[in-house]
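In: Any chance you can model this:
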Amino acid sequence: MKLFLGILLGSLVLGVSSQRWLTFLREAGQGTRDMMRAYSDMREANYKNSDKYFHARGNYDAAQRGPGGAWAAKVISDARENSQRVTDLLKFGDSGHGVEDSKADQAANEWGRSGKDPNHFRPPGLPVKY
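Out: Numbers count the residues shown, from 1 in each chain. The predicted model follows:
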């Protein structure tokens, strides 16, 4: 736990550089909420082949908040994909998602964080609400 906290705080310090701390932290909090909203919408929609769209949208929305939001999106996305790899190992690949799917998720994450339109990944027929 101490190691994780140290890594988290260290990456926060490196990510801030000349940004003011309060602005960065506010952006990070808003970005975290954007990521949670995208995840919640994905669960609610329960729409086939929409995973990459929601990955890209959450990262896009968070990154639009500023450097703090982009940092939060990267940390959350990386943690999510890394935890999935661990659970796959413990369950012997039981999640149904392989390395290829994880790489595709990370590509969608980066697409959104870089400011590109997340609708590139939008599946046909996904309700307009999302």
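
In: ok, the spatially most central residue of the chain to residue 59 distance?
Out: Geometric centre of the chain, nearest residue: residue 77, 3.4 Å, by CA atoms, centre = their mean. To residue 59, residue 77 is 6 Å away according to CB to CB, to the nearest Å. Bear in mind the C-beta positions are built from the backbone N, C-alpha and C, glycine included.

In: and residue 114, what are its phi and psi?
Out: phi -80, psi 0 (degrees, to the nearest 10).

In: list the contacts for it?
Out: residue 63 (CB atoms under 8 Å, 6 or more residues apart in numbering).

In: 10 Å instead?
Out: Applying CB atoms under 10 Å, 6 or more residues apart in numbering to residue 114 gives the contacts 56, 59, 60, 63, 70.

In: what touches both of residue 77 and residue 59?
Out: 35, 108, 109, 110, 112, 113.

In: Could I get those in CSV, plus columns for neighbour count?
Out: Output for the shared contacts of residue 77 and residue 59, formatted as CSV (neighbours: other CB atoms under 10 Å):
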residue, neighbour count
35, 25
108, 25
109, 26
110, 16
112, 30
113, 22
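
In: out of the residues you listed, who's nearest residue 125?
Out: Residue 125 has its nearest neighbour among those in residue 108, at 18.5 Å by CB to CB.

In: which stretches of the chain form helices?
Out: 2-16, 21-45, 51-63, 67-90, 99-113 (DSSP state H).

In: now the end-to-end length of stretch 63-71.
Out: Using CA to CA, to the nearest Å, the end-to-end distance of stretch 63-71 comes to 8 Å.
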